[in-house]
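Engineer: the sequence and its predicted three-dimensional model are supplied below.
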Amino acid sequence: MWYSFSLYVVGLVVFWYAIIFLISKLSGWNAIAEYFPSSSIGQTPISSKKFQSIKIGMSNYSGVVYFHIFPEGLNMKVITLFKPGHNPILIPWRELVVEENQGYLKNMYRFSFQSLAKKSFFTPRTLGEWIVEHKKKHSS
């Protein structure tokens, strides 16, 4: 009985890992992380927002993203449960392109990248305004 329970738990963990890893590939998080790998480990951020929601591609990251502001850029990472395939991201301020959305996404900000075509992410208005405020402070 103990053996079958252990096998079930291992199978569930492997299944979870595979699903989360697949989401990172399909959403575009993985591509963004490969292009903008984070190098801010060990540094103290200027400001942070935890448990935030964003949309990348067709995937919604609801309440699982941490944002950290560093002088060199915007750091994004996910909570531990969603780590597989989701390496931390550090986007230099000069790379971040801001677009306030119109139409049905009018309460969202779209962020894209100077050097990474066809990839972007969306944030709720309040989070987008917070990012834009820090981009203005650190881009000059």
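Structural biologist: All right, it came through fine.
Engineer: for residue 132, pull up the helix or strand it's in.
Structural biologist: helix 125-139 (DSSP states H and E).
Engineer: in that helix, what counts as buried?
Structural biologist: Using 16 or more other Cβ atoms under 10 Å as the test for burial, helix 125-139 gives 127, 128, 130, 131, 132, 134, 135, 138. C-betas here are computed from N, CA, C, even on glycine.
Engineer: check the offset of it from the chain's centre.
Structural biologist: With Cα atoms, centre = their mean, to the nearest Å as the basis, helix 125-139 stands 15 Å off its chain's centre.
Engineer: next: stretch 109-126.
Structural biologist: For stretch 109-126, the distance to the chain centre is 11 Å (Cα atoms, centre = their mean).
Engineer: next: stretch 70-88.
Structural biologist: Counting by Cα atoms, centre = their mean, stretch 70-88 comes out at 6 Å from the chain centroid.
Engineer: next: stretch 15-25.
Structural biologist: Distance, centroid of stretch 15-25 to centroid of chain: 15 Å (Cα atoms, centre = their mean).
Engineer: tabulate the buried residues of helix 125-139 in TSV, adding columns for pLDDT.
Structural biologist: Shown next, in TSV, are the buried residues of helix 125-139 (pLDDT from 0 to 100):
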residue	pLDDT
127	95
128	94
130	96
131	96
132	95
134	96
135	95
138	90
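Engineer: list the contacts of residue 37.
Structural biologist: Going by Cβ atoms under 8 Å, 6 or more residues apart in numbering, residue 37 touches 87, 88, 89, 90.
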